[in-house]
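A.B. asks: below is the sequence, then the predicted model.
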Amino acid sequence: MALRRGLKKGASSRLGRERPSAGSLQPADAFADGPLMLGFRDLTIVDAKSQRTLLHDVSGFVVKGGVTGIIGPSSSGKTLLMKALAGRVEHAYCTGDVVLDGRVLDPAHSRVAFEDDQLVGVLTLRESLELSMQLRRNVTRAECAEAVKTLIHDLELSHVADNAIGTVLKRGLSGGQKRRTSVGVELVANSSVIFIDEPTSGLDAAAALHLMTHLRELARRSNGALSFIVSIQQPSLAILRLLDHMLLLGRSGMVFFGTLPEARTHFTELGFPPPHGQPPTDFYLSLTDTTFVQGRAALVDFDAYFHESSTSQQLHHRLRAAIRAAENAEDGPAPIFETSGWSQFKTLLRRNMLIAYRDPTLYYLQLFLHALYGFLIGIVFFQLTPSFARVNDIFSAITWLVFLQTYVHIFKVHYLAQSNKRFHHEYANKMYGVFPYWCAEALATAICSLVFLPGFTIAYFMIGLPGPAFGTTLLFSYVLALASEGMIHFITQFSREAAYAVVAAQSALLFVCVFTTGSLIAESNVPGWWVWVQEISCFAHSSRAIADSVLDELTYSCVSPVTTIINNATHCVLNNQPFLLPCIPGTNCDVRGLDVLHTFKGMRDTPMWMSFLYLVLLSLFFRLGTLVLYRFPFRRFWLQRLQGWTTSTLRDMVF
């Protein structure tokens, strides 16, 4: 089936239009026969592994400026249907025809965005909408501010416009306000269709009716440029009357599509008129939910009856006409993004810095813990002197300095997992491109990683390490912080669940930082079958670079009770140790710190700047690996290779 991209018609903004009076809103029946915004015919979904049919021959549509509700019991396939229209069903095949605003699309190849609560809790409602618009629309700041002000007024959120969305530490918007904000984030993109999965879930009856009324008003005021498809498990009669059409799903499949009056007529003709005083959907679901239905209704195949009904024939006649018209339409260019990559980069960088500045659990927490741990390390190794009597203490202090710059990033794993979810949601909505997001994130991380320098500095001078080596050592520690954060970020790409990501990140750090890099045993004694891990360990390369930098400025005196000077003061040995150390000519048998390092710790005799170069390359490797996984998500990439899917762009639909 050929893929044709949908082009938006009527590109004028909906945000600046005057608010009509309540009486000017047309009733649902007036829109029932309007032109189609989105139609789907004979949509079938089959599980790729078990070959089990999940949904079979489902058809329906939403008119321009209308609202269609998908209604059904739990596990009836409401969300699955919406994801199928989005092309986001994993491990399943989709077949059928989809018409979007005069263009035919293959549902297996179409990609729509998912309206979900992926809002940034530390941003205000106004900032969330403004940033969304600046990412998607070529508008000036003044135009953006005015359009967002109008939209906030339309959503009736003006009284909370400057309130934070809300986090676990700070109360913010209510559930209904958040849901309207999520819808507003997509409205600023001038999307043609917005899919909302159970918008009334968790809301009381009044709040649910209020939200659905606003969605219908927004659709009506768009002059046919905006439509909604919502899934609702059990709507009240008041909400049902707001819908232009409803698609009723049972556990066996599709059992009805049409208007509310048509539903009454259809079920009455089958001998099941809805009783007075009971919401129609309650009655319909009690009939079609095969899990609980009893009596005469259990003997009726509502799916088959509907497909043979006159209502179904009219539905398919209308869809066939729309598909024939769409097949004759010429394809045109469909630009993915309205804004430039540079504009997206600047907006994303601003958002990242706002998050870093306002979120106390992010860099503020890490700064405090880093400084505290640095102080504790400084107390333990306070004012060390290079002495053979404490030959391992300086090496241990350096190891803890490297640990300090590495393990502190564990506290960022939860944030990274959440930001990954937000990225995949926003990227699927065509809010921005991969490369601008990656560049903004990398630069923001580079700036914010400066918070890891004070703790390192405190520990460095409390330990009493040489001042001349501080500059290079500080540079190495900064790049180590970037490389460690990059490795953690790379690991989190393989799991979008924060709990799994934390376990994976800790395991990786433990493996590459402890068991393979000589922190517990000499590097030269690491077993050969896993010594290769040192090549991808930022801990190993940073330990070598920092140790070389520090020990190059230190000397050890062999005039000590634990050493013996031999060979006419040209060498010395540590008592009871088979190590021969050369003395520095012209001294009272002083030994270079680097000789002590390579002899006692078994570290490679790699030039300091070569180790630093390896560290830089590792940092770039993890960053570029993250970029690749942004572009080709791990699970979806392999799924598409398995099924032979190709990616496409559908910027006019939002899910």
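C.D. replies: All right, it came through fine.

A.B. asks: what stretches of the stretch 51-200 of the chain score poorly on pLDDT?
C.D. replies: Judged by pLDDT under 70, the stretch 51-200 of the chain has its weakly predicted residues at 86-87, 90, 105-117.

A.B. asks: tell me where it has helices.
C.D. replies: 78-86, 125-136, 141-154, 175-187 (DSSP state H, counting those that start in this stretch).

A.B. asks: columns mean neighbour count and distance to residue 267 on top of these, output as CSV?
C.D. replies: Quick note: C-beta positions are derived from backbone N, CA and C, even for glycine. Output for the helices of the stretch 51-200 of the chain, formatted as CSV (neighbours: other C-beta atoms under 10 Å; distance: least, C-beta to C-beta, whole Å):
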stretch, mean neighbour count, distance to residue 267
helix 78-86, 23, 20
helix 125-136, 24, 42
helix 141-154, 17, 37
helix 175-187, 22, 31
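
A.B. asks: can you redo those helices as CSV with distance to residue 407?
C.D. replies: Listed next are the helices of the stretch 51-200 of the chain as CSV, based on distance: least, C-beta to C-beta, whole Å:
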stretch, distance to residue 407
helix 78-86, 38
helix 125-136, 33
helix 141-154, 41
helix 175-187, 35
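
A.B. asks: nearest to residue 469, out of those helices?
C.D. replies: helix 125-136 (43.6 Å; C-beta to C-beta).

A.B. asks: quick one, that closest one and helix 175-187 angle?
C.D. replies: 20 degrees (axes from the mean of the first three to the mean of the last three C-alpha atoms, to 10 degrees).

A.B. asks: need the contact partners of helix 125-136.
C.D. replies: 119-120, 123, 139, 141, 144-145, 147-148, 151-152, 157, 160-163, 165, 173, 177, 181, 184-186, 188-189, 337-339, 343-344, 347-348, 350-351, 354, 430-432 (C-beta atoms under 8 Å, 6 or more residues apart in numbering).

A.B. asks: how about residue 325, what does it touch?
C.D. replies: Neighbour list for residue 325: residue 102 [criterion: C-beta under 8 Å, 6+ apart].

A.B. asks: how near is it to residue 410?
C.D. replies: Residue 325 sits 57 Å away from residue 410, going by C-beta to C-beta, to the nearest Å.

A.B. asks: that older thread, wait, which of the helices of the stretch 51-200 of the chain is closest to residue 482?
C.D. replies: With C-beta to C-beta as the yardstick, what comes closest out of those is helix 125-136 (25.7 Å).

A.B. asks: residue 559 reaches residue 588, doesn't it?
C.D. replies: Yes - counting by C-beta atoms under 8 Å, residue 559 touches residue 588, with 6.2 Å between them.

A.B. asks: mind listing the strands for the stretch 101-250 of the chain?
C.D. replies: 103-105, 193-197, 227-232, 245-250 (DSSP state E, counting those that start in this stretch).

A.B. asks: my bad, the stretch 251-400 of the chain
C.D. replies: Under DSSP E, counting those that start in this stretch, the stretch 251-400 of the chain gives strands at 253-258.

A.B. asks: low-scoring stretches of it, by residue?
C.D. replies: 252, 290-299, 329-336.

A.B. asks: tabulate the strands of the stretch 101-250 of the chain in JSON lines, adding columns for distance to residue 130 and mean neighbour count.
C.D. replies: Formatted as JSON lines, the strands of the stretch 101-250 of the chain follow (distance: least, C-beta to C-beta, whole Å; neighbours: other C-beta atoms under 10 Å):
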{"stretch": "strand 103-105", "distance to residue 130": "31", "mean neighbour count": "24"}
{"stretch": "strand 193-197", "distance to residue 130": "19", "mean neighbour count": "24"}
{"stretch": "strand 227-232", "distance to residue 130": "23", "mean neighbour count": "26"}
{"stretch": "strand 245-250", "distance to residue 130": "34", "mean neighbour count": "25"}
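
A.B. asks: turn the ones you listed into JSON lines, columns for distance to residue 97.
C.D. replies: Shown next, in JSON lines, are these (distance: least, C-beta to C-beta, whole Å):
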{"stretch": "strand 103-105", "distance to residue 97": "6"}
{"stretch": "strand 193-197", "distance to residue 97": "16"}
{"stretch": "strand 227-232", "distance to residue 97": "16"}
{"stretch": "strand 245-250", "distance to residue 97": "16"}
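
A.B. asks: which one, of those strands, ends up nearest to residue 366?
C.D. replies: strand 193-197 (35.0 Å).

A.B. asks: low-confidence stretches in the stretch 501-650 of the chain?
C.D. replies: For the stretch 501-650 of the chain, the ranges with pLDDT under 70 are 513-526, 529-530, 602-604, 634-650.
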